[in-house]
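# Any chance you can model this:
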Amino acid sequence: MTSHRLSLPAFALLVGLGGLTAAAPAFAEAAAPAPGTATPAPAATPPMHEHHRSAEQFVVGRIAFLKAELKITPQQEAQWNKVAEAMRLNAKAIDAARAQKVEGPQTAVQALEGRSRFADTMAKNTERMLTAFRPLYQNLSPDQQKMADEILAGHSHHHHAFN
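Residues are numbered from 1 along each chain as shown. Below is the predicted model of the structure:
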């Protein structure tokens, strides 16, 4: 399979995480140092690119961010856990797809086969996320639904990932 360098929004949508604007706080949250440790000056810290971290590393912070932003209640916890598990499985699928890349030159047919396999992974991840998220969304309050719409659907018109 070819090496796939995804943009952060595309990567986030693949694992069911929303777009770039919503992902930025998760990167900051996941990369935040422990209290009492020194932090590098912001200007000296290079930006974190998605190909430097595994999807599984990224999704840990993203799950915490979304749970906090959506203000998941104890009554919604069981449904939320299904969403979080779908996100973890999607991240594992992306990491597995990345691990199958072919090194060196490849034929046009090999490149298309790789794209096809990756598209299959994307479709399965989207369906997994939808299956887990739909019941939670239906039980969110109007304010929670509005926040979910802003975070998860706010950039989909740019990426066609949910069309």
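# Give me the buried positions along the strand or helix carrying residue 115.
Assigned by DSSP states H and E, residue 115 belongs to helix 108-138. Within helix 108-138, the residues scored as buried using 16 or more other Cβ atoms under 10 Å are 114, 118, 121, 122, 125, 126, 128, 129, 132, 133, 136, 137. In short, each C-beta sits where N, CA and C put it, glycine included.
# what separates residue 146 from residue 70, distance-wise?
The gap separating residue 146 from residue 70 is 10 Å, by Cβ to Cβ, to the nearest Å.
# Then residue 144?
Per Cβ to Cβ, residue 144 is found 5 Å from residue 70.
# which residues of the chain score low on pLDDT?
Along the chain, segments meeting pLDDT under 70 span 1-52, 155-163.
# And the helices in it?
Taking DSSP state H as the criterion, the chain carries its helices at 8-14, 20-31, 55-70, 77-99, 108-138, 142-148, 156-159.
# thinking again about what came up before, taking helix 55-70 as reference, get the angle to the helix holding residue 115.
With axes from the mean of the first three to the mean of the last three Cα atoms, to 10 degrees applied, the angle from helix 108-138 to helix 55-70 works out at 30 degrees.
# on contacts alone, who are the packing partners of helix 108-138?
Counting contacts by 3 or more Cβ pairs under 8 Å, 6 or more residues apart in numbering; DSSP states H and E, helix 108-138 packs against helix 8-14, helix 77-99.
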